[in-house]
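Participant: Build me a structure from this.
(one chain, ligands or ions: 1)
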Amino acid sequence: MATQAKPILYGYFRSSCSWRVRTAFALKGIDYDQVPVNLVKDGGQQLTEQYKELNPMRQVPTVKIDGVTLSQSLAIIEYIEETRPSPPLLPASPQKRAQVRMICDLIVSGIQPLQNLYLLQKIGDEKVSWAQHFIIRGFEALEPILKQTAGKFCVGNEISMADVCLVPQVYNAERFKVDMSQFPTIKGLNETLLTLEAFKVSHPSCQPDTPEELRA
Ligand SMILES: O=C(O)/C=C\C(=O)CC(=O)CC(=O)O
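Facilitator: Numbers count the residues shown, from 1 in each chain. Below is the predicted model:
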C-alpha cells in the first residue's frame, strides 16, 4: 500500500497500550515517528486541551496514519492488520481468530482498564492491592485458556495480536509485584516472546521518552 508520510505514534514509554502498538509496528516492519505524551509530568500531558483534540478520551496511544487519527490500541492494530497484512497477526481459521480476539479482549477490557493510571489515581492508598487483585483475577482466567490454546505462542505456533497484548500486561503485573509463578503458562509464553526482536525494540526500557534511570 502506498503511504505518504510515516505514521506518528503519540504514546508513553511504559503505557502498556502504547507498547501493544509499538510491537505491532515492529512485527510488521513499519517505520514510524514517536511523539511522547508524559502521563505524569505537569499532572499529565494527556489532559491538555491540545491533546484532547487528538484523543477525546485523553489516553494514549493515538496514531496518525494514512490520513486518519485513531485511538484505542486494538482498533489501531486491526487497522494496521487490514492495510499491511504481512506478516499476519491473526490466524487463518475463524476458530483461532476468535480465540485470539477472546484473549485480547480479556486483557484489553477485562484487566488493563481496572489497573490503569486514571483509575488508580482515583483509588488512592489502596492502589497497589487493587491493581494486584484485578490482574490476578484476570490471569486466573487467562491461565487455563492459554493452556488450551497455546503452542509456542498464545494461540498455536504463530504470533498474533494476543501475544502483542500479553507481554505488556505481564510487565504491568511485575510492576505491581504479582507473583507470576502461579501462572506458569503465561510466564513461559512471556519469556519466549521477550526473546523476539519486536518485543525488545518496543520495550519500555528503550523508548525515546524512557528516563535515564529506567534504561536497560
Ligand atoms: O506510572 C506511570 O508512569 C504512568 C502511567 C503508566 O505507567 C501506564 C499505566 O498506568 C497504564 C497501563 O499501561 O496499564
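Participant: Strands of the chain, residue ranges please.
Facilitator: Ranges of strands in the chain, per DSSP state E, are 8-11, 33-36, 62-65, 68-71.
Participant: So which other helices or strands are in contact with the last one?
Facilitator: Counting by 3 or more C-beta pairs under 8 Å, 6 or more residues apart in numbering; DSSP states H and E, the packing neighbours recorded for strand 68-71 are strand 62-65, helix 73-83. (C-beta placed from N, C-alpha, C; glycine too.)
Participant: Which positions in the longest one come out as buried?
Facilitator: This means helix 73-83. Across helix 73-83, burial judged by 16 or more other C-beta atoms under 10 Å covers 73-74, 76-81.
Participant: Same list (the strands of the chain) but as JSON lines, adding distance to Ala198, mean pLDDT and mean neighbour count.
Facilitator: As requested, these are exported to JSON lines (distance: least, C-beta to C-beta, whole Å; pLDDT from 0 to 100; neighbours: other C-beta atoms under 10 Å):
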{"stretch": "strand 8-11", "distance to Ala198": "15", "mean pLDDT": "98", "mean neighbour count": "22"}
{"stretch": "strand 33-36", "distance to Ala198": "16", "mean pLDDT": "98", "mean neighbour count": "16"}
{"stretch": "strand 62-65", "distance to Ala198": "17", "mean pLDDT": "98", "mean neighbour count": "23"}
{"stretch": "strand 68-71", "distance to Ala198": "20", "mean pLDDT": "98", "mean neighbour count": "15"}
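Participant: of all the ones you listed, which lies closest to the ligand?
Facilitator: strand 8-11 (9.9 Å; C-beta to the nearest ligand atom).
Participant: hmm, who's touching the closest one?
Facilitator: 18, 21-22, 25, 32-37, 51, 54-55, 60-65, 207 (C-beta atoms under 8 Å, 6 or more residues apart in numbering).
Participant: Good, we can wrap up now.
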